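S.K.: Build me a structure from this.
(one chain, ligands or ions: 1)
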Amino acid sequence: MWPKILTNYSPNFNAIKRSKKNIKFIIIHYTGMKYELSALKRLCNIKAKVSAHFFIKKNGSILNLVPPLYEAWHAGKSSWKGLKSLNKYSIGIEIQNSGHDNKYENFSQKQIFSTKKLLKYLINEYRVKSKNVLGHSDIAPDRKKDPGEKFPWKELAKSRLSQWHNLSENKLKQKRLISLNYIEESNFMTNLSKIGYFKISQQNNNVKKRNIIKAFQRHFRQNLINGISDQECLMISKDLLKS
Ligand SMILES: [Zn+2]
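M.R.: Model prediction:
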């Protein structure tokens, strides 16, 4: 069953149509605004110059703001696997949630249900790889935290709608907070860039490094977001590269 999608167009998109094969990624966002209606208004306000292709309301309704074959303005300055400015290659989904600067509530069950349905449809329609379903923070770690550590990536992966590791959570927990030696640390950062995260050229750029590690944790090690690498993070990164 295809999801029921309502139309609520936004004027914020590039007028040049792209081809289906340009679409390689799906980027998940939260709105970061307290009120759903204000968030929706902003995404449709010509002055705001922001948008996304889809909007998922608290009650699970899915709105189409921009047709997928037009570039919406959701990713901003971003990078993944050496590609820059991901708007060109992606479909953006905004999910209503007040975000880290407010109370960052759990996503509603209805929102998760609709997100899964929509992803299933889009992945099939645009032949997107499940590992290319990413969070905004993955592609813009210095600026963004969304959709954050409450977004159920693991649950999505069970339906092949995103990537997850195949390691036992209990075994992983035993490795948590055990520090890495110099070589392991360097291997870990190499793994992150192989996964797709921005490759930092100077290993001593600590702010950038911390933000990238945090983004990785928000996605793949959601129980502890401290921006510090450890044996658990290293194990996860290795496992993700196997698939
Ligand atoms: Zn975002």
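S.K.: Within range of the ion, give me the residues from this structure.
M.R.: Residues of the chain lying near the ion by C-beta under 5 Å from the ion: 29, 136, 146. To be clear about C-beta, it is placed using only N, CA and C from the backbone, and glycine gets the same treatment.
S.K.: now the residues you listed: which count as buried?
M.R.: Neighbour counting over these (16 or more other C-beta atoms under 10 Å) leaves 29, 136, 146 as the buried ones.
S.K.: pretty sure the second one contacts residue 75?
M.R.: The one in question is residue 136. Yes: contact between residue 136 and residue 75 holds when scored by C-beta atoms under 8 Å: they sit 7.0 Å apart.
S.K.: what's the overlap in contacts for these two?
M.R.: Residues touching both residue 136 and residue 75 by C-beta atoms under 8 Å, 6 or more residues apart in numbering: residue 27.
S.K.: how about the residue lying closest to residue 149 once chain neighbours are set aside, what does it touch?
M.R.: Excluding its sequence neighbours, the residue lying closest to residue 149 (C-beta to C-beta, 6 or more residues apart in numbering) is residue 222, at 4.2 Å. Neighbouring residues of residue 222 by C-beta under 8 Å, 6+ apart: 149-150, 153.
S.K.: can you tell me how far residue 222 sits from residue 64?
M.R.: For residue 222, the distance to residue 64 equals 29 Å [C-beta to C-beta, to the nearest Å].
S.K.: Low-confidence bits of this structure, can you list those?
M.R.: Applying pLDDT under 70 to the chain picks out residues 1, 203-204.
S.K.: how far does stretch 182-189 sit from the chain's center?
M.R.: Mean C-alpha position of stretch 182-189 versus that of the full chain (C-alpha atoms, centre = their mean, to the nearest Å) differs by 24 Å.
S.K.: now do stretch 200-207
M.R.: Per C-alpha atoms, centre = their mean, the displacement of stretch 200-207 from the mean C-alpha position of its chain is 23 Å.
S.K.: now the strands: where do they sit in the chain?
M.R.: Here the chain has its strands, by DSSP state E, at 5-7, 13-17, 25-30, 54-56, 62-64, 70-72, 79-80, 83-84, 90-95, 133-135.
S.K.: what's around residue 78, how many residues?
M.R.: Around residue 78 there are 24 other residues, counting by other C-beta atoms under 10 Å.
S.K.: you'd agree it is up against residue 92?
M.R.: No: look at residue 78 against residue 92 with C-beta under 8 Å: they stay out of range, at 10.7 Å.
S.K.: which residues does residue 11 contact?
M.R.: So residue 11 contacts 44, 46 (C-beta under 8 Å, 6+ apart).
S.K.: From residue 149, how far out is the residue positioned nearest the centre of the chain?
M.R.: Central residue of the chain (C-alpha atoms, centre = their mean): residue 135, 0.7 Å from the mean position. Note on residue 135: its distance to residue 149, by C-beta to C-beta, is 10 Å.
S.K.: List the contacts of the nearest residue to residue 148 once chain neighbours are set aside.
M.R.: Using C-beta to C-beta, 6+ apart and skipping the chain neighbours, the partner closest in space to residue 148 is residue 218 (5.8 Å). By C-beta under 8 Å, 6+ apart, the contact set of residue 218 is 135, 137, 145, 148-149, 225.
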